[in-house]
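# pasting the structure only:
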């Protein structure tokens, strides 16, 4: 019987909007990610952490997200799954629909706490939920921008 552990990468993002230190943000996001994959015997072996990068930027223009996508294309990468502790921090608008097919193409599973684990690429319900997170994220960003402008 195989005792191989699921090797996972974690993507986390810290913005200046939440007035949180990158270290604190990294710690609590990694805690959520570690608990999620740990419950299935997984282990985080790589972390991609974008700091002070708006969620509005596409993944290809975020330094760590871009590196993650490049690494995902490498068949010799050390991980087979990606865990995101807070999808609303990772995706805005329609970004999920652009990133998820790339991950699926390279055989990378995507895990999020809201689903209790892996996103099923064949589930319309999972896709709808992730699209909802993108829409909510975009709306939250707009509210923050309005509050910031009004405070000036």
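Arrived safely. Keep in mind that what you see is a predicted model, and the values were worked out from it rather than measured.
# pretty sure residue 10 sits in a helix.
No - counting by DSSP: H, G, I helix; E, B strand; the rest coil, residue 10 is not part of a helix but strand.
# contacts only, for it.
Counting by Cβ atoms under 8 Å, 6 or more residues apart in numbering, residue 10 touches 29-30, 33-34, 44, 46-48, 82-85. Every residue, glycine included, has its C-beta placed from N, CA and C.
# next: residue 13.
49-51, 53, 55, 62, 65, 89-90.
# show me which of the residues you listed is closest to residue 74.
residue 65 (15.4 Å; Cβ to Cβ).
# Three-state assignment for that closest one, please.
Going by three-state DSSP: residue 65 is helix.
# which one of the contacts of residue 10 is nearest residue 105?
Looking across the contacts of residue 10 and measuring by Cβ to Cβ, the closest to residue 105 is residue 82, at 13.1 Å.
# in a strand, that closest one, correct?
Yes - residue state for residue 82 (three-state DSSP) corresponds to a strand.
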